[in-house]
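Trainee: Provide a 3D model corresponding to the input given below.
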Amino acid sequence: MSDKIKTVSELQHIRSSARISKKRVVWTNGCYDILHAGHVLYLQRAKECGDILIVGLNSDNSIRATKGQLRPIVPEAERAIVISALACVDHVIIFDQDSPIEIIATLQPDIYAKGGDYTIETINQAERRMVESYGGEIALLPGIAGNSTTAVINKILRAYRDEHQP
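Mentor: Numbering: from 1, shown residues only. Model prediction:
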């Protein structure tokens, strides 16, 4: 297991140290099921927004609740290892709720980053209000068109189907 995978308590200490040393903490979150170039480029852009990048990773249960029983493809422990292996990612935390709002409220990151497929109106509004309530910044970062886990899964299904038809 990676030493980058943290608990809320560990992240609170990291956040406190960051405040003292005037380092900017960036928070982002997502499923990151079947990691692809769009994910990596997005996380690199998120890291450029500050000094410390914390990635909230949806648990298997929270993904099933939003994306259905067939997801995730890759279990949370494995996704956490893969995400934590990226040089741009400083810390990872797995959360089980639909929203990581409690973690955001606890850590109060300087920057809350979301991908370019979101707008200020389509991000989670409770999370938005939380970030705005303590003076945090919201960064909407551009993504790569057509790069999504669903697109990757569909491409695999098409390729497999075509290859195995008589």
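Trainee: Closest to the centroid, which residue in this structure?
Mentor: Ranked by distance to the mean C-alpha position of the chain (C-alpha atoms, centre = their mean), the top residue is residue 29 at 2.5 Å.
Trainee: Bridged to that one, which residues?
Mentor: residue 56 (DSSP bridges).
Trainee: That one contacts residue 56, doesn't it?
Mentor: Yes - using C-beta atoms under 8 Å, residue 29 is in contact with residue 56, at 3.2 Å. Yep, even glycine has a C-beta here, placed from its N, CA and C like the rest.
Trainee: got any residues that touch both of these two?
Mentor: 95, 100 (C-beta atoms under 8 Å, 6 or more residues apart in numbering).
Trainee: Show me the shaky parts of the chain.
Mentor: 1, 143-147, 149-150, 164-166 (pLDDT under 70).
Trainee: what about the longest helix along it, distance to the chain center?
Mentor: Secondary structure of the chain per DSSP state H: the longest helix is helix 149-163. Relative to its parent chain, helix 149-163 has a centroid offset of 24 Å by C-alpha atoms, centre = their mean, to the nearest Å.
Trainee: let's have the chain start at 329 instead
Mentor: Understood, numbering begins at 329; the last thing we discussed is helix 477-491.
Trainee: Done for today, thanks.
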